[in-house]
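Q: Sequence and predicted structure, then a few things I'm wondering about:
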Amino acid sequence: MKIGHVLLAVLVAAIWGLSFIVVKIGLTECPPLLLAALRFVVVFAAGAWWFSRPSLPWRWYLRAGLCLGVIQFACLFSAIKLGMPAGIVSVLAQLQVFITLLLASLLLGETRSLLQKAVMALALLGVLLLGYARYHDALPLLPLALALIGSAGFAWGNVELKRAGKVDMFAFTVWMSLVPPLPLLLLSFALEGGPAAAWSALAGFGWSATLALLFLALIGTLFALGSWGKLLSLYPATLVAPFSLLSPVFGLLGGYWILHERYDALSIVASALIVAALALNTYAGKLDAARAWLAARVQPGKGAAPR
């Protein structure tokens, strides 16, 4: 990957990691399903003026919108609202990396080397250690299940973005945002007290909820998701997806500086494992190529002839 694209992927991971803190703030004044619906309303309202709809069949928008909008955010927001700590949700959300790799292998035909598999095992160890280090108590079943379903929605959305091919992903993100608001609003009306409760929540919007909504819509969705989709259109999902493993690290740092949380040594070790796995994965392809070249050089008849 080009260095500029590597930095962009890291920035997206930072935004998504901090977004869990922002969500927690926003949910103090707005129900989760309504907040998720408003997120995409703002994305479309802000972006439709600048981006024309890419000439793709509407089924691409429908599938991506349902995965990344309805399934992912409805489940993750609800998990936080139902008592799952934002930190553990940020960790569980990163299981999407491994689901993405599995789906990319099954549906897109992308392959992984033995080194890449070992790197992902190291990353998974870091994610599990991070979750264990942050929250030792038993997790409630319903929000835990919702967080895992949200992670699967994220992974499926990654594959749909990859399938969309080389398209303007900022524009695609804007027009994809037409899909989630209606099903999210219907779910909100059914599960969060009906239209009257939604109107009451809107009337009670304060500065914290407003700023949280703008951050989630304009930065967390329009910029970050558009950038993420662009990277997926340029590189294999197996190379791009692991960068999101950095988001819980940024979530921990954000919790430390913004919420004044404190972390133990195991959290630091787990974060270091994730960063190390990401670095190794970034160069895994080059290392495999170098190993193949060396093998060809030392085995007569399979590479350059020995001198």
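A: That came through fine. This is a predicted model, so every value here is computed, not measured.
Q: Quickly note the distance from Phe243 to Arg53.
A: When Cβ to Cβ, to the nearest Å is applied, the distance between Phe243 and Arg53 equals 28 Å. In this view, the C-beta of every residue, glycine as well, is placed from N, C-alpha and C.
Q: Name the SS class of Gly83, please.
A: coil (DSSP: H, G, I helix; E, B strand; the rest coil).
Q: Surely it and Leu146 touch.
A: No. Proximity of Gly83 to Leu146 does not meet the contact threshold set by Cβ atoms under 8 Å, at 10.8 Å.
Q: Looking only at neighbour counts, state which of these two leads.
A: Comparing Gly83 with Leu146 by neighbour count (other Cβ atoms under 10 Å), the higher total belongs to Leu146, at 24 against 10.
Q: what helix or strand does that one sit in?
A: Taking DSSP states H and E as the definition, Leu146 sits inside helix 141-164.
Q: quick one: low-confidence ranges for the stretch 201-307 of the chain?
A: Low-confidence segments of the stretch 201-307 of the chain, defined by pLDDT under 70: 238, 259, 261-264, 267, 278-279, 281-307.
Q: how about 80 then?
A: Segments of the stretch 201-307 of the chain classed as low confidence (criterion: pLDDT under 80) are 225-226, 229, 233, 237-239, 241-242, 244-245, 248, 251-256, 259-307.
Q: quick revisit: more neighbours: which of Phe243 and Arg53?
A: Phe243 (24 against 15).
Q: Okay, the nearest residue to the more buried one once chain neighbours are set aside and Phe51: tell me how far apart.
A: Counting by Cβ to Cβ, 6 or more residues apart in numbering, Phe243 lies nearest to Ala9, which is 3.9 Å off, once chain neighbours are set aside. Ala9 sits 22 Å away from Phe51, going by Cβ to Cβ.
Q: higher neighbour count, the two?
A: A direct count of neighbours by other Cβ under 10 Å for Ala9 and Phe51 places Ala9 higher, at 24 against 18.
Q: I'd assumed Pro242 was in contact with that one.
A: No. Taking contact to mean Cβ under 8 Å, the distance of 9.1 Å between Ala9 and Pro242 leaves them out of contact.
Q: who touches both of these two?
A: Overlap of the contact sets of Ala9 and Pro242 (by Cβ atoms under 8 Å, 6 or more residues apart in numbering) is empty.
Q: Is Cys75 part of a helix or strand, or is it coil?
A: Using three-state DSSP, the three-state assignment for Cys75 comes out as helix.
Q: What is the burial count for it?
A: By other Cβ under 10 Å, the burial measure for Cys75, its neighbour count, is 24.
Q: Please name the nearest non-neighbouring residue to it.
A: Spatial nearest neighbour of Cys75, excluding adjacent residues (Cβ to Cβ, 6+ apart): Gly150 at 3.3 Å.
Q: That neighbour contacts Val70, doesn't it?
A: No. Taking Cβ under 8 Å as the contact criterion, Gly150 and Val70 are not neighbours in contact, 10.1 Å apart.
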